[in-house]
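# my questions are about this predicted structure, shown below with the sequence.
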Amino acid sequence: MIKRYWQKGTKQKVITILLSLVLLFFLFILRDDYQPALLFVRKFFFVILLISAILLFGLKKFRTTPSSGKRVAILAILALILGVVYGVGWHFKMYDYMKTYNVFNDLNKEEIHELPLTQNERIQPLRNIFSMANESVGETKDVSLPHLVRVDGENKWTMAIQPTEKYVWQGISDNTEEVFSVSSTTPFPRFSSDNRIPVTFSIGESLRFSRNTYNAVVQRFGLWKLLSYEPGDVFYMKNDKGAWVEVVSLINWKGFFFPYPTFGGVMVIENGEHDFNDYVERLLIGKGTYISPEEMKNHDYLLRQNTLSEHVSRLQAESLKFLGGFSDPLPWKMKTAVKIPDLPDDQNKLPFVTDFDFTGIPTDAYNGLYHWFGLEPVGDERTSLSFSVFIPADGTDKMYYYDHASKKQGFAGVSAMPLKVIESRKEFDWSVNKPVEFRPYIKDIAGRKRMFFLGTVSAVKEGSNNFDGSATPDLALIDSEYRDVVWIDAKHPSQWDKLVYEQLNEAWRASEGIDHFFVKEEKDIDTITTIVDTLKVVPKVKDSKQEKIEALQRQLDSLKSINSN
């Protein structure tokens, strides 16, 4: 048809060329819209190729067969083969099984034989921070999902105050003009002007068209990246010059047979309003500076930082089920088969981003932020802690794991924690209060490292999915070995270890035969948080003269009482 139209004359040739150029132009500038389809083909190319070959061979055989009975048989066989492919690949999840096995083979794994200590414990769960941030903005604003990152040497929750997605015009015309930066170590997160950083991003998660973060990043991809890369989580942090930037984690799909996701570096988007030239740039070639995993070591602000997509780290942690071999997770074996426990009432699934200190452990692991997973046996009734997994949050090609099961420690896992907390406080109305986000708390107490889970009680209205964050949440520490619950004061983290010792020391002594006592170290733990999140308190100091005056006053009072008698 096009050939006949082309041969009609010069006018038709000109029209055909112009329409072809227009079509190519739209295919070029709209590549962010159809890129998910290209990525889908990339992920399932082998399966698509297999099914296409089966259909091609079967239909060819069907057309060359004269007998109606044989044709029906061929169609029945085709349907049976396709049904088997669907059943094995999707229903029994063998496609995901093979993908996870490829992740396991690609991982750079290291077993550690000593648990690292936790430091800079975050008080509030992610969803509490998210709900409190939303309470602090107006009708035309939304808050992006918080992420724990390092800002100026401190761990902070950062999130963008962006135009709301409810009103389309705001997403078309407005910019992201503020960022929340709230300390994670304070029980009193403040969302006032002190922690609202004025910074303009003309590219954001809730903005429309070419100003949307996803669209701008995909437009920046080259041809190969269009087929293999996709944007992941979005983080807000400061670069080496002290300027706020938007860092988009990238997922790179590797492999031909059963492709699997890996960390693909980051795309960094600088702040600032964009003019017409920037509009043309992001429309044609997108926005952002690509930094590969190999180049990240040249940027200090990306080291020991949180830039890894949780989609990647979850699959890496789950792949440890193959430690016992390729066939071990199959139903007739399952010696080392493990799962990631996802609690039904917890709106923030694993991993929990935690600050670890590996000092003194024979490993090359850095001290800083990690994605932590507590893996458990696959059975619903099994809630023991099998593995602690530490995945560097900055995308470093390494994974550290501690094997609790092989050491026969008998620790309780994350799934067991909610009932422990509920059992310890029967007076709570647990229909509207939910114990959530049990992150690890590992400290040196009474002569050895002890592992606890730090959980928070969050309130939720009936019929609502949003937690109500409290400035002074109820916190509990659960000993994963002794299963005892210690309720602690969120406002005095320096006293937590002492409270734990006071409650559990007799049990420890009776069970372990230890003779240790609690030594209180003088540490300014309560004043670690930023100045904007704490009030300066000047302690009252009594000098020697004041003490003498008070002593004489007490003597005078005693003489007066004698005379009066």
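Cool, the structure landed. Numbering: from 1, shown residues only.
# how about the secondary structure of Trp487?
strand (DSSP: H, G, I helix; E, B strand; the rest coil).
# let me redo that: Ile48
helix.
# how about the nearest residue to it, chain neighbours excluded?
Val41 (6.6 Å; Cβ to Cβ, 6 or more residues apart in numbering). Quick note: C-beta positions are derived from backbone N, CA and C, even for glycine.
# neighbours of the one you found, just the number please.
Using other Cβ atoms under 10 Å, Val41 has 11 neighbouring residues.
# pull the distance from the helix or strand harbouring it to the chain's centre.
Following DSSP states H and E, one finds Val41 within helix 31-43. Centroid separation for helix 31-43 versus its chain: 24 Å, with Cα atoms, centre = their mean, to the nearest Å.
# CA-only coordinates of that helix in CSV, if you can.
Output in CSV follows, covering the C-alpha atoms of helix 31-43 (Å, rounded to 0.1, in the frame of the first residue of the first chain):
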residue,chain,number,x,y,z
ARG,A,31,10.2,7.0,24.2
ASP,A,32,9.6,7.4,28.0
ASP,A,33,6.0,6.3,27.4
TYR,A,34,6.7,3.1,25.6
GLN,A,35,10.0,2.2,27.4
PRO,A,36,8.1,0.0,29.9
ALA,A,37,7.0,-2.2,26.9
LEU,A,38,10.6,-2.4,25.7
LEU,A,39,11.7,-3.4,29.1
PHE,A,40,9.0,-6.0,29.4
VAL,A,41,10.3,-7.6,26.1
ARG,A,42,13.8,-7.4,27.5
LYS,A,43,12.8,-9.2,30.8
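# now for it, which elements pack on it?
helix 213-220, helix 223-228, strand 229-238, strand 244-254 (3 or more Cβ pairs under 8 Å, 6 or more residues apart in numbering; DSSP states H and E).
# again, only using 10 Å
If contacts are counted by 3 or more Cβ pairs under 10 Å, 6 or more residues apart in numbering; DSSP states H and E, helix 31-43 sits against helix 10-29, helix 213-220, helix 223-228, strand 229-238, strand 244-254.
# give me the contact list for the first one.
It refers to helix 10-29. For helix 10-29, the surrounding residues in contact (Cβ atoms under 10 Å, 6 or more residues apart in numbering) are 2-8, 33-34, 210, 219, 283-285.
# if we use 6 Å, what do you get?
Identification of contacts with helix 10-29 by Cβ atoms under 6 Å, 6 or more residues apart in numbering yields Tyr5, Trp6.
# now do it against helix 213-220, angle only.
Interaxial angle, helix 10-29 versus helix 213-220 (axes from the mean of the first three to the mean of the last three Cα atoms, to 10 degrees): 120 degrees.
# counting neighbours, which bits of helix 10-29 end up buried?
Buried positions in helix 10-29, judged by neighbour count with 16 or more other Cβ atoms under 10 Å: none.
# next: the last one.
Residues of strand 244-254 classed as buried under the neighbour-count rule (16+ other Cβ under 10 Å) are Trp244, Val245, Glu246, Val247, Val248, Ser249, Leu250, Ile251, Asn252, Trp253.
# partner strands of the helix or strand following it, with direction?
Beyond strand 244-254 in the direction of the C-terminus, DSSP H and E gives the next helix or strand as strand 260-270. Applying DSSP bridges, strand 260-270 is found paired with strand 244-254 (antiparallel), strand 289-291 (antiparallel).
# a markdown table please, covering these and showing distance to Asn306 and mean pLDDT.
Listed next are the strands paired with strand 260-270 as a markdown table, based on distance: least, Cβ to Cβ, whole Å; pLDDT from 0 to 100:
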| stretch | distance to Asn306 | mean pLDDT |
| --- | --- | --- |
| strand 244-254 | 9 | 97 |
| strand 289-291 | 15 | 97 |
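# tell me which of those lies nearest to Met451.
Closest to Met451 of the strands paired with strand 260-270, according to Cβ to Cβ: strand 244-254, at 29.0 Å.
# lowest average pLDDT across the helices and strands packed on helix 31-43?
Of all those, the minimum mean pLDDT falls on helix 10-29 (a mean of 81).
# quick one, that helix and helix 31-43 angle?
Using the same axes, to 10 degrees: helix 10-29 against helix 31-43 is 70 degrees.
# sorry, back to before: in a markdown table: the strands paired with strand 260-270, plus distance to Arg71.
Compiled in a markdown table, the strands paired with strand 260-270 are given as follows (distance: least, Cβ to Cβ, whole Å):
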| stretch | distance to Arg71 |
| --- | --- |
| strand 244-254 | 40 |
| strand 289-291 | 54 |
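# tell me which of the ones you listed lies nearest to Gln347.
strand 244-254 (20.9 Å).
# which residues sit against that closest one?
With contact meaning Cβ under 6 Å, 6+ apart, strand 244-254 is reached by 199, 201, 217, 228-235, 238-239, 259, 261-262, 264-271, 307, 309, 312.
# angle of that strand against strand 229-238?
For strand 244-254 against strand 229-238, the angle by the same axes, to 10 degrees is 150 degrees.
# out of the buried residues of strand 244-254, who's nearest Asn175?
For those, the minimum distance to Asn175 (Cβ to Cβ) is 12.0 Å, reached by Glu246.
# for Pro341, see how far away the closest one is.
Distance of Glu246 to Pro341, given as Cβ to Cβ, to the nearest Å: 32 Å.
# got it, and Val312?
19 Å.
# try Ser431
Distance from Ser431 to Pro341, by Cβ to Cβ: 22 Å.
# sec struct for Lys241, please.
coil.
# quick one, phi psi at it?
Phi and psi for Lys241, reported as degrees, to the nearest 10, are phi -90, psi 0.
# any idea how many residues pack against it?
8.
# OK, contacts around it?
No contacts exist for Lys241 under Cβ under 6 Å, 6+ apart.
# in the chain, which helix or strand is least confident?
Lowest by mean pLDDT, DSSP states H and E among the helices and strands of the chain is helix 544-564, with a mean of 59.
# about what we covered before: with neighbour numbers in mind, choose between Ser431 and Pro341.
Each of Ser431 and Pro341 has its neighbours counted (other Cβ under 10 Å); Pro341 has more, 21 against 8.
# circling back to that earlier point, buried ones in the helix holding Val41?
Buried-residue list, helix 31-43, by 16+ other Cβ under 10 Å: Arg31, Asp32, Gln35, Leu39, Arg42, Lys43.
# now the second one: how far from Trp169?
In this view, Asp32 and Trp169 are 21 Å apart by Cβ to Cβ.
# stretch 259-276: which residues count as buried?
259-269, 271, 274.
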